[in-house]
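Visitor: The following block contains a protein sequence and its predicted model.
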Amino acid sequence: MEYWQLKQRQSLPLSAKIRLSEMRIREFYEHFNGDVYLSFSGGKDSTVLVDIARSLYPDIPAVFVDTGLEYPEIREFVKTIKNVIWLKPKMNFKEVLEKYGYPVISKEQARCINDMQNPTDKNIKTRETRLYGNKNGKSGMLSKKWHKMINVPFKISDRCCDVMKKSPFKKYERESNSHGFIGTMAGDSKYRLQAYLKNGCNAFTTKRKSSTPLGFWLEKDIWEYIKTKKVKYSKIYDMGYLRTGCMFCMFGVHLEKEPNRFQLMSKTHPKLYDYCINNLGCGKVLDAINVNYKELQQMELKLDIK
């Protein structure tokens with residue numbers, strides 16, 4: 001698919017997007033004779049996906065991975081949805097941090113840093129690419145801004161999502177012989193944009209077959225759908241949160257305006273905030289990338305003193 005084709009689809013009115021998404025859902029469902037499931041995180045995007053897909057096929061199971069990193073409000077919302085299969089990863093977050101390292105900056109940059117932190121005879125060329133790029137330019141290169149993270153006294157890695165989310169889903173797919181609908185959109189990240197341009201909504205030719213029927217939607221479409229269809233959603237969004245991924249994930253936090261997700265957490269979930277910053281050691285990681293996670297809490301204390 002060409003980029004202009006995606007832009008054209010993204011400009012469609014919501015009613016047209018719904019019809020196109022329904023077409024893609026039917027195609028995928030029929031291709032696999034109904035051996036499908038809905039990847040359900042409890043967030044707004046997958047909530048809309050479940051609503052549309054079940055309007056066509058009410059019995060499609062939803063699958064939720066209970067990583068232990070979801071906001072309490074997300075878990076409570078998931079419990080209100082019928083026919084949800086709960087999975088658990090083999091490792092908890094603390095074990096992932098100890099074995100692999102902290103998820104910080106972005107998956108791509110964390111992978112680069114991890115390669116540099118773990119030099120071997122086998123990854124010499126990889127490390128050269130991380131520092132200087134390759135024949136394709138800066139692809140796979142660690143940004144100079146983050147070279148300072150190579151020598152920090154803690155591990156950095158991109159493996160967290162693979163271990164805690166993707167692995168349980170893959171195991172479920174093998175055991176159930178089913179394929180997933182996923183509520184991601186091309187506008188979510190550079191990686192998802194590239195994947196959508198390559199495969200479209202239904203990835204029939206990839207090793208792991210999957211469908212992203214909302215791939216050409218925009219965030220404003222999600223909220224318009226929720227409003228017009230009066231779809232119930234997690235109350236976490238009414239508490240000021242713009243994203244509802246794993247609570248302690250630090251990917252992208254350096255790009256957020258204040259109050260960022262951790263400053264907000266200090267107010268809405270103070271016990272979880274303390275566990276994250278102090279017990280798990282996320283505070284030292286945020287300090288290293290110069291992200292302020294304390295200001296909101298301090299401001300609240302000052303107001304209380306007055």
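Guide: Done, it's in. Numbers count the residues shown, from 1 in each chain.
Visitor: where does the stretch 151-300 of the chain have low pLDDT?
Guide: 295-300 (pLDDT under 70).
Visitor: can you give me the helices in it?
Guide: 160-161, 167-176, 190-199, 219-229, 261-268, 270-274, 282-288, 295-305 (DSSP state H, counting those that start in this stretch).
Visitor: Can you give me the separation between the residue nearest to the spatial centre of the chain and residue 18?
Guide: Centre of the chain computed as the mean C-alpha position; nearest residue by CA atoms, centre = their mean is residue 245, 5.6 Å away. Noted for residue 245: a distance of 25 Å to residue 18, by CB to CB, to the nearest Å. Glycine gets a C-beta too; all of them are placed from N, C-alpha and C.
Visitor: same check, this time on residue 118
Guide: Taking CB to CB, one finds residue 118 at 47 Å from residue 18.
Visitor: Check residue 78 too.
Guide: Where residue 18 is concerned, residue 78 sits at a distance of 24 Å (CB to CB).
Visitor: likewise residue 152?
Guide: 47 Å.
Visitor: Of these two, give the one with the bigger neighbour count.
Guide: Higher neighbour count among residue 152 and residue 18: residue 18, with 21 against 18, using other CB atoms under 10 Å.
Visitor: who touches that one in this structure?
Guide: Listed by CB atoms under 8 Å, 6 or more residues apart in numbering, the contact set of residue 18 reads 52, 225.
Visitor: so what pLDDT did it get?
Guide: With respect to pLDDT, residue 18 scores 98.
Visitor: helix or strand for it, which one?
Guide: Assessed by DSSP states H and E, residue 18 sits inside helix 14-31.
Visitor: Give the other helices and strands that the helix or strand that comes right after that helix contacts.
Guide: Next along the chain after helix 14-31, taking DSSP H and E as the criterion, comes strand 36-39. If you count contacts as 3 or more CB pairs under 8 Å, 6 or more residues apart in numbering; DSSP states H and E, strand 36-39 packs onto helix 44-56, strand 62-65, helix 167-176, strand 179-181.
Visitor: what packs against the third one?
Guide: Contacts of helix 167-176 with other secondary structure elements, assessed using 3+ CB pairs under 8 Å, 6+ apart, are made with strand 36-39, strand 62-65, strand 84-87, strand 179-181.
Visitor: Can you show me the strands along the stretch 101-250 of the chain?
Guide: 104-105, 179-181, 202-203, 210-211, 250-251 (DSSP state E, counting those that start in this stretch).
Visitor: Deepest-packed of those, please.
Guide: strand 104-105 (a mean of 26; mean count of other CB atoms under 10 Å).
Visitor: For it, the averaged confidence score.
Guide: For strand 104-105, the per-residue pLDDT averages 98.
Visitor: Distance from that strand to the middle of the chain?
Guide: 13 Å (CA atoms, centre = their mean, to the nearest Å).
Visitor: Need the contact partners of that strand.
Guide: By CB under 8 Å, 6+ apart, strand 104-105 touches 110, 113, 146, 149, 156, 250, 251, 252, 253, 254, 285, 289.
Visitor: How about stretch 74-86?
Guide: Residues contacting stretch 74-86 (CB under 8 Å, 6+ apart): 37, 40-43, 50, 59-66, 70, 172, 232-236, 244.
Visitor: List only those of the residues you listed flagged as buried.
Guide: Using 16 or more other CB atoms under 10 Å as the burial test, those include 37, 40-43, 50, 60, 62-65, 70, 172, 233-234, 236, 244 as buried.
Visitor: Now do the closest residue to residue 234 other than its chain neighbours against residue 71, distance only.
Guide: Using CB to CB, 6 or more residues apart in numbering and skipping the chain neighbours, the partner closest in space to residue 234 is residue 77 (3.9 Å). Using CB to CB, residue 77 is found at 9 Å from residue 71.
Visitor: Name the residues contacting each of these two.
Guide: 234, 236.
Visitor: ok, these two, which is more surrounded?
Guide: residue 71 (23 against 20).
Visitor: Identify the residues contacting the more buried one.
Guide: 234, 236, 241, 244, 247, 269.
Visitor: residue contacts, the first one?
Guide: With contact taken as CB under 8 Å, 6+ apart, residue 234 is in contact with 42, 43, 44, 47, 71, 73, 74, 76, 77, 244.
Visitor: Using CSV, please lay out these together with distance to residue 228.
Guide: Rendered in CSV, the data for these read as follows (distance: CB to CB, whole Å):
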residue, distance to residue 228
42, 21
43, 19
44, 14
47, 14
71, 26
73, 23
74, 23
76, 25
77, 20
244, 21
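Visitor: Out of these, which one has the lowest pLDDT?
Guide: residue 244 (88).
Visitor: I'd like the distance between it and residue 34.
Guide: 29 Å.
Visitor: Then residue 49?
Guide: 17 Å.
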